[in-house]
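K.L.:
Dropping the sequence and predicted coords here.
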Amino acid sequence: MKKRVRVVIVGAGAFGTKRLSACLAMPKNFEVVAVVDPSARQRDRISHSHHVLAVPDFQSLTKKADLAIIATPNVYHTKMSITAMRHNMHVLCEKPLATTVTDAKKIIAASKKYKRIVKTGSNHRFFHTVEKAKELFDQGKIGKLLFFKGSIGIDGSKVSRNWLLDPATAGGGTFIDNGCHLLDMARMFMGNFTRCTAVMTNNLWKEARVEDVGSAIYMTKDNRQAIITTSWLQWAGYSHIELWGEKGYIITDSTTHDTVTIGGKDGIFTTFDYSNEKKDSYHRELLYLASCIQKNKQPNPDAADGAAVISMVEAAYKASKKKTWVHIT
């Protein structure tokens, strides 16, 4: 790497802290300029725990930065991303890119106006299991992908009394929260989708005004399916993905172990176990983005990909309310 990327972390909450820790763990590659957070309590906490400068806003920055990592509540993603680009910073914005397609398009427009790189946060693409699945798929091991099936979720007590339960702040519940990862991966393997139907329910976390379980069926133009299920009821965690192709299948699972299984129609299969590998997806995602910045190359997924995922989320919410199929715009 030619030089260190100077980084500003926007948001001192849980995900901002994860991103901060990843940057600090790679001092040869990244220099943390500051953490931005409007809360004095959060700034005091982060400055004492990680020994970094914490400021209330962009105007308080005394040093130029190359990259802003947006790790605020979802509703602020658009404003903070555009502000960062206006201050000549590239952007990594945590998923979801925005809470609405309209806002996501504003980020795309700002990226073009200010000629800045925007990456939608997608550390799941850098899971060892997902990378192996993509490698096997790209090698043509299972042929054309005909059917994608995935489930993802967490123990909802981890988000109780959290802004994620507020639809005005989060944009929805588990489907826009956990679901964005699966939707991003479904697009990575299958491409664009044209229509969907969905059901959103709330059966356990009654204090939430959002869904704690969401399920959707997506269709491509050539009638291939993706079935997505997300929840805040998956006590054992976390994700399970199935790729079913013309010649075989690939399954990734992180419920009890981190494994990838590939098999064929003949019943023969091979399993790769990554359970003991270092959990470094945030680190490797940041290194990938740093490479894109230095090459002036748009990363994957970029802002357009992030907006496409939000289109899928909006369509699913609309389909659930209307109890019908909805076209994805």
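P.N.:
Arrived safely. Since we're looking at a predicted model, the values are computed, not measured.
K.L.:
Kindly list the main-chain dihedrals of residue 264?
P.N.:
Main-chain torsions, residue 264, degrees, to the nearest 10: phi -130, psi -180.
K.L.:
So for it, what's the nearest residue that isn't a sequence neighbour?
P.N.:
Excluding its sequence neighbours, the residue lying closest to residue 264 (C-beta to C-beta, 6 or more residues apart in numbering) is residue 248, at 3.9 Å. For glycine as for every other residue, the C-beta is placed from the backbone atoms N, C-alpha and C.
K.L.:
Show the contacting residues for the one you found.
P.N.:
Taking C-beta atoms under 8 Å, 6 or more residues apart in numbering as the criterion, residue 248 is in contact with 141, 142, 143, 262, 263, 264, 265.
K.L.:
Which helix or strand lies directly C-terminal to the longest helix belonging to the chain?
P.N.:
The longest helix of the chain (DSSP state H) is helix 303-322. Per DSSP states H and E, the first helix or strand lying C-terminal to helix 303-322 is strand 326-327.
K.L.:
re earlier: give me the PyMOL select line for the contacts of residue 248, limited to the buried ones.
P.N.:
Selection of buried members from the contacts of residue 248 for PyMOL, criterion 16 or more other C-beta atoms under 10 Å:
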select buried, resi 141+142+262+263
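K.L.:
Name the nearest of the contacts of residue 248 relative to residue 189.
P.N.:
residue 142 (10.4 Å; C-beta to C-beta).
K.L.:
Just give the closest residue to residue 27, not the sequence neighbours.
P.N.:
With sequence-adjacent residues excluded and distances taken as C-beta to C-beta, 6+ apart, residue 27 is closest to residue 4, at 7.9 Å.
K.L.:
Please list all residues in contact with the closest residue in space to residue 220 that isn't next to it in sequence.
P.N.:
Distance criterion C-beta to C-beta, 6+ apart; nearest residue to residue 220, sequence neighbours excluded, is residue 193 at 5.6 Å. Counting by C-beta under 8 Å, 6+ apart, residue 193 makes contact with 186, 187, 218, 219, 220, 226, 312, 328.
K.L.:
which residues sit in contact with the fifth one?
P.N.:
If I follow you right, that is residue 220. Shown in contact with residue 220 (C-beta under 8 Å, 6+ apart): 190, 191, 192, 193, 194, 226.
K.L.:
Mind putting those residues into JSON lines with pLDDT?
P.N.:
As requested, these are arranged in JSON lines below (pLDDT from 0 to 100):
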{"residue": "190", "pLDDT": "97"}
{"residue": "191", "pLDDT": "97"}
{"residue": "192", "pLDDT": "97"}
{"residue": "193", "pLDDT": "98"}
{"residue": "194", "pLDDT": "98"}
{"residue": "226", "pLDDT": "98"}
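K.L.:
Could you write me a PyMOL select line covering just the buried ones among those?
P.N.:
A single PyMOL command selects the buried members of the contacts of residue 220 (16+ other C-beta under 10 Å):
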select buried, resi 190+193+226
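K.L.:
Where do the strands of the stretch 201-329 of the chain begin and end?
P.N.:
Under the criterion DSSP state E, counting those that start in this stretch, strands of the stretch 201-329 of the chain are mapped to 213-219, 225-231, 239-245, 248-253, 259-264, 269-273, 326-327.
K.L.:
How about the stretch 51-200 of the chain?
P.N.:
54-55, 67-70, 90-93, 118-120, 145-153, 195-201.
K.L.:
Run through who's touching the longest one.
P.N.:
Just to be clear, that refers to strand 145-153. So strand 145-153 is contacted by 137, 174, 178-179, 181-182, 185-186, 189-190, 224-234, 237-246 (C-beta under 8 Å, 6+ apart).
K.L.:
If any of the residues you listed are buried, give me the PyMOL selection for them.
P.N.:
Here is the PyMOL command that selects only those of the contacts of strand 145-153 that count as buried (16+ other C-beta under 10 Å):
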select buried, resi 137+174+178+179+181+182+185+186+189+190+224+225+226+227+228+229+230+231+232+234+238+239+240+241+242+243+244+245
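K.L.:
give me the low-pLDDT residue ranges for the chain?
P.N.:
1-2 (pLDDT under 70).
K.L.:
What ranges does it have for its helices?
P.N.:
14-24, 40-50, 77-86, 101-114, 128-138, 167-170, 174-177, 179-190, 281-295, 303-322.
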